[in-house]
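Asks: model the following, please.
(one chain, ligands or ions: 1)
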Amino acid sequence: MDKFVVSGGRALDGEVAISGAKNAALPMLAASLLSAEPLRLSNLPELRDVQTMRRLLEMLGAEVRAEASGRICASLAAPKSLSAPYDLVRTMRASILVLGPLLGRFGRADVSLPGGCAIGARPVDIHVDALRSMGAEVKIRGGHISARSKGLRGARIDLPLPTVTGTENVMMAAALADGDTVIENAAREPEVRDLAGCLNAMGARISGAGGSKITISGVRRLHGAEREILPDRIEAGTYLVAGAMTGGRVALRFSGELALGEVAAALRKAGAKVRFGEGFAELDMAGRRPRSVNLATAPWPGFPTDMQAQFTALNAIASGHALVRESVFEQRFMHVAELKRMGADIEPLGREVLIRGVRQLQAAPVMATDLRASASLVLAALVAEGETVIHRVYHMDRGYERIEQKFSALGAEIRRV
Ligand code: UD1
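Replies: Okay, here's the model as predicted:
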């Protein structure tokens, strides 16, 4: 299993290009199941999760062709199977995204239950209830979701929580349903809006995505389309935090100032100069130590839970004390125990942690537990004294494209062994 060896202590200085967003790429790939005609996606990141989704589509009978670097073409003329097996679902929860499109188009889908994972229980009850209210018969047996319908009907769906993939599943199922579906308390994340744009390019009639009320007027069929995936705001945020922690300067080829709203605000509170321009973002810390920032995660437009671990690492070496609250997931502090092994002073207080910044972290062998927790360990290693070995970096490969090459381009000393 691959490891990263990181020598800490260098201020980052350089420029990197930000890849397409994982969380937009995965639902768009799933959307290709809605049409027999090709969906062409560009700016597709090369990630393990993208490969997993591709394997899943192929297993279902889709034709998937890589046309060039970062370009893929997918279509499903006739399904080979309508089930997503446990082997794939357990490696990637987002496999649940095939449930809506398969049920909407073919009236049938069997998807293994994702079950628990490293960041809490993460149930899919809201997805299931929403599809039931559209007339689907859904049984859950033997670790399996089995959904059937003789034609979904539009419905009014009030989500108890603004679940991201839940909203996306309903949008995809409703695109081919009979009549209008209205989703209240919908997730408002930029990736949800990007998926709606992709579905509309395929002939769907969706309005309001990006807001909390989305209306989908069902159509009889969807056609092929071309779409560019939006840039990854979490990848961008991770490199900016790395710049801030090392007292360095990081320039990103990235367009998406609005998508970084709360993250940029938190970086400025930490003392960084953050600037956006046409197609770029730049952070300059000018050799200073960051100041602590209190934060609480929340659904968009709040502070993203996918940036919480990285800011926990920043606070670990900042001047002052910070409270970081995780409000989206029940257990998302797996990185805390590992950061403490490196000398961080972090006190867990239920869904909150109190972080007392220390001047210096020390290298230690640590273990990645989930995607964003792994990112926080790399960030901590970049400022630690000595050589940190990070085990199980396959978690990072799920969501960061060529991470060691990008960090090396910024002047970090990081190797994969
Ligand atoms: C998506 C993102 C993930 C991000 C998360 C929150 C993708 C592929 N993944 O995950 O990177 O961290 O949004 O921004 O886009 N919940 C239920 N029942 C459900 C569904 C969700 O109780 O049926 C709860 C979850 O346990 C969690 C909260 O709702 O506490 C939000 O989760 P959700 O938005 O669904 O996350 P994902 O869509 O899985």
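
Asks: tell me the residues of the stretch 1-150 of the chain that contact the ligand?
Replies: Residues of the stretch 1-150 of the chain found near the ligand (Cβ under 6 Å from any ligand atom) are 23, 26, 93-94, 122-127. (Each C-beta comes from the backbone N, C-alpha and C, glycine too.)

Asks: and the contacts of stretch 291-303?
Replies: Applying Cβ atoms under 8 Å, 6 or more residues apart in numbering, the contact partners of stretch 291-303 are 162, 164, 187-190, 261-263, 266, 269-271, 304-305, 308, 311, 314-315, 318-328, 355, 357.

Asks: with stretch 8-15 instead?
Replies: Against stretch 8-15 from outside (Cβ under 8 Å, 6+ apart): 242-243, 246-253, 285, 287, 361, 363, 381-388, 407, 409-413.

Asks: list buried members of those by neighbour count.
Replies: The neighbour count (16 or more other Cβ atoms under 10 Å) marks 242-243, 246-252, 285, 361, 363, 381-384, 388, 407, 410-412 as buried among the contacts of stretch 8-15.

Asks: lowest-confidence one in the residues of the stretch 1-150 of the chain next to the ligand?
Replies: Minimum pLDDT for those is recorded at residue 122 (70).

Asks: pretty sure that one belongs to a helix, no?
Replies: No: secondary structure of residue 122 (DSSP: H, G, I helix; E, B strand; the rest coil): coil, not part of a helix.

Asks: you'd agree it is up against residue 114?
Replies: Yes: assessed by Cβ atoms under 8 Å, residue 122 is found in contact with residue 114 at 6.7 Å.

Asks: and those two? Which one has more around it.
Replies: residue 114 (21 against 17; other Cβ atoms under 10 Å).

Asks: quick one: secondary structure of the more buried one?
Replies: coil.

Asks: just give the closest residue to it, not the sequence neighbours.
Replies: Spatially, and ignoring its direct neighbours in sequence, residue 114 is nearest to residue 93 (4.3 Å; Cβ to Cβ, 6 or more residues apart in numbering).

Asks: count of neighbours near that neighbour?
Replies: 17.

Asks: grab the nearest non-local neighbour of the residue sitting furthest away from the middle of the chain.
Replies: Within the chain, residue 150 marks the point farthest from the mean C-alpha position, 32.9 Å out by Cα atoms, centre = their mean. In space, and not counting its chain neighbours, residue 150 is closest to residue 107: 6.3 Å by Cβ to Cβ, 6+ apart.

Asks: now that neighbour: how far from residue 79?
Replies: 11 Å (Cβ to Cβ, to the nearest Å).

Asks: any chance you could map the helices in the stretch 51-200 of the chain?
Replies: Counting by DSSP state H, counting those that start in this stretch, one finds helices in the stretch 51-200 of the chain at the ranges 86-89, 99-106, 125-133, 164-175, 190-201.

Asks: can you list contacts of the shortest one?
Replies: Pointing back at helix 86-89 there. By Cβ under 8 Å, 6+ apart, helix 86-89 touches 52, 55-56, 59, 95-96, 111-114, 143.

Asks: now find how far off-centre it is within its chain.
Replies: 19 Å (Cα atoms, centre = their mean, to the nearest Å).

Asks: which positions within that helix qualify as buried?
Replies: 86, 88-89.

Asks: now the spatially closest residue to residue 217 that is not a sequence neighbour. Its backbone dihedrals?
Replies: Counting by Cβ to Cβ, 6+ apart, residue 205 is the residue found nearest to residue 217 once chain neighbours are left out, at 4.1 Å. When read as degrees, to the nearest 10, the backbone of residue 205 gives phi -120, psi 90.

Asks: what sits against residue 205?
Replies: Residue 205 neighbours (Cβ under 8 Å, 6+ apart): 216-219.

Asks: quick one: residue 163 from residue 105, how far?
Replies: Residue 163 is 22 Å from residue 105, by Cβ to Cβ.

Asks: residues near the spatially closest residue to residue 325 that is not a sequence neighbour, how many?
Replies: Nearest residue to residue 325 in three dimensions, chain neighbours excluded: residue 296, at 3.9 Å (Cβ to Cβ, 6+ apart). Residue 296 has 15 neighbours, counted by other Cβ under 10 Å.

Asks: now residue 296: which helix or strand?
Replies: strand 295-296 (DSSP states H and E).

Asks: separation between residue 122 and residue 166?
Replies: Applying Cβ to Cβ to residue 122 and residue 166 gives a distance of 11 Å.

Asks: so where's this structure shaky on pLDDT?
Replies: Along the chain, the model assigns pLDDT under 70 to residues 115-121.

Asks: if we can go back for a sec, the residue nearest to residue 150 and residue 135 touch, don't they?
Replies: No: using Cβ under 8 Å, residue 107 is not in contact with residue 135, being 10.3 Å away.

Asks: re the thing from before, helix or strand right after the strand holding residue 296?
Replies: Next along the chain from strand 295-296, counting by DSSP H and E, comes helix 308-316.

Asks: quick one, strands of the stretch 1-150 of the chain?
Replies: 4-7, 13-17, 39-42, 63-68, 71-75, 83-84, 108-112, 137-141, 144-148 (DSSP state E, counting those that start in this stretch).

Asks: perfect, that will be all.
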